[in-house]
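Asker: Sequence first, then the predicted structure:
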Number of protein chains: 2
Amino acid sequence: MKPNFSLRLRVFNLNCWGIPFVSKHRADRMKRLGDFLNMETFDLALLEEVWSEQDFQYLRQKLSFAYPAAHYFRSGIIGSGLCVFSKHPIQEITQHVYSLNGYPYMIHHCDWFCGKAVGLLVFHLSGLVLNAYVTHLHAEYSRQKDIYLAHRVAQAWELAQFIHHTSKKADVVLLCGDLNMHPEDLGSCLLKEWTGLRDAYLETQDFKGSEEGYTMVPMNCYVSQKDLGPFPCGIRIDYVLYKAVSGFLISCKTLRTTTGHDLHHSTPFSDHEALMATLCVKHVPPQQNPSSTHGPAERLQLINVLKEAWTELGLGIAQARWWAAFAGNVIGLGLLLLVLLCVLAAGEGAREVAILLWTPNVGLMLGAGAVYLFHMWEAKGLCKAQAELQHALGRAREAQDLGPEPQPALLLGQQEGDRAEEQ
Amino acid sequence: MKPNFSLRLRVFNLNCWGIPFVSKHRADRMKRLGDFLNMETFDLALLEEVWSEQDFQYLRQKLSFAYPAAHYFRSGIIGSGLCVFSKHPIQEITQHVYSLNGYPYMIHHCDWFCGKAVGLLVFHLSGLVLNAYVTHLHAEYSRQKDIYLAHRVAQAWELAQFIHHTSKKADVVLLCGDLNMHPEDLGSCLLKEWTGLRDAYLETQDFKGSEEGYTMVPMNCYVSQKDLGPFPCGIRIDYVLYKAVSGFLISCKTLRTTTGHDLHHSTPFSDHEALMATLCVKHVPPQQNPSSTHGPAERLQLINVLKEAWTELGLGIAQARWWAAFAGNVIGLGLLLLVLLCVLAAGEGAREVAILLWTPNVGLMLGAGAVYLFHMWEAKGLCKAQAELQHALGRAREAQDLGPEPQPALLLGQQEGDRAEEQ
C-alpha cells in the first residue's frame, strides 16, 4: 500500500418504506429512487424496507449499468427488506438473522414475520478490505411503553457481536441502516462502545440537510405526528457509522440528508430521509491512528453500558418468564375445565352447554401452549445475550483492574495486542 | 513468536445423550464423565446434547478446579445442548443459531424445538489465537428417505460461512461436534471444501479406538440396529476438524475413541463414542505451509460441491413451495366450506350438522395457515443459502477462468492475496 493512498467512498442509505398494498405511491417512488441513484452513481447504495422482491428486481434491472453488483437478503416469512446495489464487485456475502424480533401474535406490528437481519458484504477496493453492513432493527411503536425494548437491545448486541467477530481482518467497517434507536439510546451506545463505530453525523464537518440530522421529519408528507411521538420536530434513527482499523484513517467529508420535500416532485422518496455520505480513507502509520487507544474513561463507559444492557435484558427475561408462567397456568386451568366438562357431558343436566364449551376450551389451551413455547424461546434468547454480556463485562472489569494504562487488546480481544503482550 | 514455538492441545468431544426422562442412566453417566474429565485434564472438552442446564451446572461445579472456564450455549425452546469446559480462560464467546432446523409439527423428532447452533470460543494460548467451534446439526432419522437433507445441507453451509467469516484473524481453527453426516456426505464435503478444515481421523498417524473411527457402534449397549440403519458395523458422524492459517502448521499426533464398552464399568458414557485428540501446533515460515495453495484440481472440487449443494437446496425449495401451495389450497377450500356451512346454517335442513362442522373447519384452516407460514419461512431460508452458494460459485468459476495458476485469494476471498495483487 502506498503511503499517500487515499480512497473516496460515496454511500447512500434509505429506508424505502416499500410495503406492498400499504405504502403510498410505492411504484412511483421506486422509479424516482432508481433515477436518482443512476444520476448520482454512489459507490454503494444500501436500502431497507424493500419488502417486495419485485421492487428489488425492478431496481436491479434499472440500475444494472451504474451498479452492476446487487444482492437481496432473504429471511423470515416476508423477508428482511434489506438489499444493496454496488458499483464494485462483491467479494463475499453473508447474513445473520436476529434471534429475537417481536411477538408473532402482534400481527398488526408485523416485525416478527419479517425476519429482521444484518447483511454483510465484503469488498476489495484498491487493495483495501471494506466490510459493509446493512441492517434494520425492530420498530419502536411507543416510546413511553416500549414492549420491544429488550428485543431491540438484544438485537443491538447481536449486531455488535456480528460486526466484531466478522470484521477482524477488515481495514474499513461501514454500517448503514435504520436502527430504530435514537443516538443516545441504550442499544445505540452498546453498539458504538462495543464495535468502536463512529457516527457520520457527529463526525462530519460539512453537514447539509434536515435540522439536527433528523431522518424522520414532520415536513415529510408521509410522516404523521403519531409516528414522531413525543418528538414533534423529528427523530434521528437512520445512521451511517464507520471505523477504520490500525493503519487507516477514515473521515466523513460530507453528509447530506433529504429534507422531507423535493423541489422537483410532489412527494419524497420515502417516509424516512435518505443519508448520503462521502467518506475518505487514508493510509497512516499505526501509531498515528487515534482510534487504537482505549483509556480508563472509555473502559468505564463500556462497563457502564454493558451493565445497563445486562439489567435491561434481565427485566426482559423476568417479563418473558412471567408470560410463560401465565400461559402455563391457563393450560392447567384449561385441563381442569376439560375434566369438568367431560363430567358434565356424561351427566344429564348441562350436556349441551358442556359439549358446546369443549372446543373453545381446547382452542384456548392450544393458544396458551403456543404462547408458553414462544415465551420460553424468548427467555432462552435473552438469557443467551445476557450470558455473553456477562462474559464481556467480566473481561472489561479484568482489563480495568489491571491498571490505568491503555490496554485495548484486553478489552476488545484484539489479538495483535495480546500476542505482543504474551510473548 | 519464537521460530521453535510449539503448542500441544488435548481436546475431548462427546455427544452426551443427555435427554431428561428419556436417556438411560443419565445421572450416573454424567457423574462418570465428570470423573473422567477431571482425571484426564484436557485443554478443552466440547460437549453436545447436554439438554438439561442442571447437568451443565453439575459438571461445571464438579470440573471447576481442572476446567475453570465453562460456557453453556442457550437457544431455541429446549436449548442447543452445547457446552464447553476449558483449562484456559475464554477470551470471547458468540454463537449462531441455524435458520432452518426441521419442522415444528414433527414433534416426535423434536429438533425444531432445540434451536441447533454453532458456538464459538476464542482463546489466546501462548500468543496464538485459537477459534474453537462446537456444533450439532439436525439428526438423520432415515437415510433412505431423508426429509431433512436440504436443512442439513443449509446448516452445513451456514456453519462453513460462520467459520469462514469469524476466523479470519485466527491462527488455529478447531471444530468439534456431532455433524450427523457421514464423511463423504454432501454437507461434510461442502464444509471441508469451503473452510479448508481437515479431518483428524484421516490425518492422524496414530489412531486407536473403534473400527474405522466409527462414533456410533453396535457394541454400545445404548445403540440399536435401527439407529445404525443400513450400516450395521457403525457410522462416523462425530468429528474433530482443524486447520492452521499461514505461519502455523497443525497436526494430529494421536486420536483415540471410546469403543462402546468400558472395562471398569457396565455402561459407556453415551450412545455416541467420545473423541480424544492430541493436536500439535508449530510455527513455520508461511512459504512452508502446505495449506496455502489451491490448485485447479481443488478449485474444481469446490465448484462441484457448490453446484451439488445448490441443486440439493433447489429441490428443498421446490418441496417447501409445494407444501406452502398445498396449505394455501386447503385454506381456500376451507373458506369455501365455511361459506357453504353458513348458508346451510341459515337454512333449516342441516343446521345442526353445519354448526357442528364450523369449528373443526376453522381449526383446519388455522392449522393450514400455520403450515403455509412455516413453509414460506423454509423456502426463504433455503433461497437465502442458495443465493449465497450461487455467489460463491460465480466467484469460484471466475477464479478458475483466470488460469491454471493457484489463486487462493480469488477463490476464498483471502484478502492478503488480493491486496498484493491489486497493488
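Answerer: Received, thanks.

Asker: Apart from its chain neighbours, what residue comes closest to A:Arg10?
Answerer: Nearest-residue entry for A:Arg10: A:Phe42, 4.5 Å, with adjacent residues in sequence omitted and distances by Cβ to Cβ, 6 or more residues apart in numbering or on different chains. (Glycine included, C-beta is placed from N, CA and C.)

Asker: Tell me the spacing between that neighbour and chain B.
Answerer: Distance of A:Phe42 to chain B, computed by Cβ to the nearest Cβ, to the nearest Å: 21 Å.

Asker: Pull the number of nearby residues for the nearest residue to A:Thr257 once chain neighbours are set aside.
Answerer: Once flanking residues are discounted, A:Thr257 sits nearest to A:Gly209: 3.0 Å by Cβ to Cβ, 6+ apart. Using other Cβ atoms under 10 Å in any protein chain shown, the number of residues around A:Gly209 comes to 20.

Asker: OK, contacts around A:Gly209?
Answerer: Going by Cβ atoms under 8 Å, 6 or more residues apart in numbering or on different chains, A:Gly209 touches A:255-259, A:273.

Asker: okay, now the residue nearest to A:Arg10: neighbour count?
Answerer: Applying other Cβ under 10 Å, we find 21 residues neighbouring A:Phe42.

Asker: Surely it is in contact with A:Leu14?
Answerer: No: A:Phe42 is beyond contact range of A:Leu14, at 10.9 Å (criterion: Cβ atoms under 8 Å).

Asker: for the residue lying farthest from the centre of chain A, what are its contacts?
Answerer: Distance to the chain centre peaks in chain A at A:Glu348, reaching 60.0 Å (criterion: Cα atoms, centre = their mean). Contacts for A:Glu348 (Cβ under 8 Å, 6+ apart) come out as none.

Asker: So for it, what's the pLDDT?
Answerer: What the model reports for A:Glu348 is a pLDDT of 78.

Asker: Equivalent analysis for the one 5 residues further on, please.
Answerer: We have a pLDDT of 80 for A:Val353.

Asker: would it count as being in a strand?
Answerer: No: counting by DSSP: H, G, I helix; E, B strand; the rest coil, A:Val353 is located in no strand; its state is helix.

Asker: Now it. Nearest residue, chain neighbours left out?
Answerer: Leaving aside its sequence neighbours, A:Val353 sits nearest to A:Leu344 (Cβ to Cβ, 6+ apart; 7.3 Å).

Asker: do A:Met30 as well
Answerer: Nearest non-adjacent residue to A:Met30 (Cβ to Cβ, 6+ apart): A:Asp55, at 5.4 Å.

Asker: what about the closest residue to A:Met219 other than its chain neighbours, how many neighbours?
Answerer: Among residues not flanking A:Met219 along the chain, A:Gly260 sits closest, at 3.6 Å (Cβ to Cβ, 6+ apart). By the criterion of other Cβ under 10 Å, A:Gly260 has 22 neighbours.

Asker: I figured A:Gly260 was touching A:Val217, is that so?
Answerer: Yes: the criterion here is Cβ under 8 Å, and A:Gly260 meets it with A:Val217 at 4.4 Å.

Asker: any common contacting residues for the two?
Answerer: A:210, A:223, A:273.

Asker: Phi and psi next, for the first one.
Answerer: The reference is to A:Ser210. phi -70, psi 150 (degrees, to the nearest 10).

Asker: For it, give me its contacts.
Answerer: Contacts here follow Cβ under 8 Å, 6+ apart; on that basis A:Ser210 touches A:217, A:234, A:257-260, A:273.

Asker: Top of those residues by number of neighbours, please.
Answerer: A:Glu273 (29 neighbours).

Asker: Would you agree that residue falls within a helix?
Answerer: No: counting by three-state DSSP, A:Glu273 falls outside a helix, being coil.

Asker: list the contacts for it?
Answerer: By Cβ under 8 Å, 6+ apart, A:Glu273 lies in contact with A:14, A:209-210, A:214-217, A:220, A:238, A:257-260.

Asker: can you pull out the strands in the stretch 101-250 of chain A?
Answerer: Using DSSP state E, counting those that start in this stretch, the strands of the stretch 101-250 of chain A run over residues A:117-125, A:128-136, A:172-178, A:198-199, A:207-208, A:238-244, A:248-257.
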